[in-house]
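*Asks:* The sequence and its predicted three-dimensional model are supplied below.
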Amino acid sequence: MAKKQEQQEKQLKITLVKSAIGFEKSQGDTAKALGLRKLHHSVTLKDIPSVRGMIKKISHLVVVEEV
């Protein structure tokens, strides 16, 4: 049970380091869905599969750190 609580508390700090201009529109939409608005803007989100999938789609635009 302790492992489940520990996994649920994991967080990811996601920072937009490259503009989505010049890439597919859906990649810019994915960055907005993650809450990333401007370059070097960071958000902290729960480490869940849906967030990991979005990060994978725009991995060339973001830097991810575990918090």
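*Replies:* Here it is on my side, so go on. Numbers count the residues shown, from 1 in each chain.
*Asks:* what's the span of stretch 30-40, first residue to last?
*Replies:* Terminal residues of stretch 30-40 are spaced 16 Å apart (C-alpha to C-alpha, to the nearest Å).
*Asks:* Contacts for it, please.
*Replies:* The contact list for stretch 30-40 (C-beta atoms under 8 Å, 6 or more residues apart in numbering) reads 14-20, 43, 45, 51, 54-55, 57-58, 61-62. Bear in mind the C-beta positions are built from the backbone N, C-alpha and C, glycine included.
*Asks:* Could you do stretch 46-66 as well?
*Replies:* 7-8, 10-20, 23, 26-27, 30-31, 33-34, 36, 45.
*Asks:* Okay, and L12 sits in which element?
*Replies:* In the assignment (DSSP states H and E), L12 maps to strand 11-16.
*Asks:* which residues of the chain fall in strands?
*Replies:* For the chain, applying DSSP state E gives strands covering 11-16, 42-46, 62-66.
*Asks:* hey, which of these is tucked in deepest?
*Replies:* strand 11-16 (a mean of 18; mean count of other C-beta atoms under 10 Å).
*Asks:* what lines up beside that strand in the sheet?
*Replies:* Next to strand 11-16 in the sheet, as set by DSSP bridges, lie strand 42-46 (antiparallel), strand 62-66 (antiparallel).
*Asks:* burial of A31, as a residue count?
*Replies:* Neighbours of A31 under the rule other C-beta atoms under 10 Å: 23.
*Asks:* quick one: pLDDT of it?
*Replies:* Confidence at A31, expressed as pLDDT, is 97.
*Asks:* And it, how close does it get to K38?
*Replies:* According to C-beta to C-beta, to the nearest Å, A31 stands 10 Å off from K38.
*Asks:* G53 too?
*Replies:* 23 Å.
*Asks:* More neighbours: these two, which one.
*Replies:* Shown here are G53 and K38; by other C-beta under 10 Å, G53 has more neighbours (10 against 7).
*Asks:* how close does the more buried one get to D29?
*Replies:* In this view, G53 and D29 are 14 Å apart by C-beta to C-beta.
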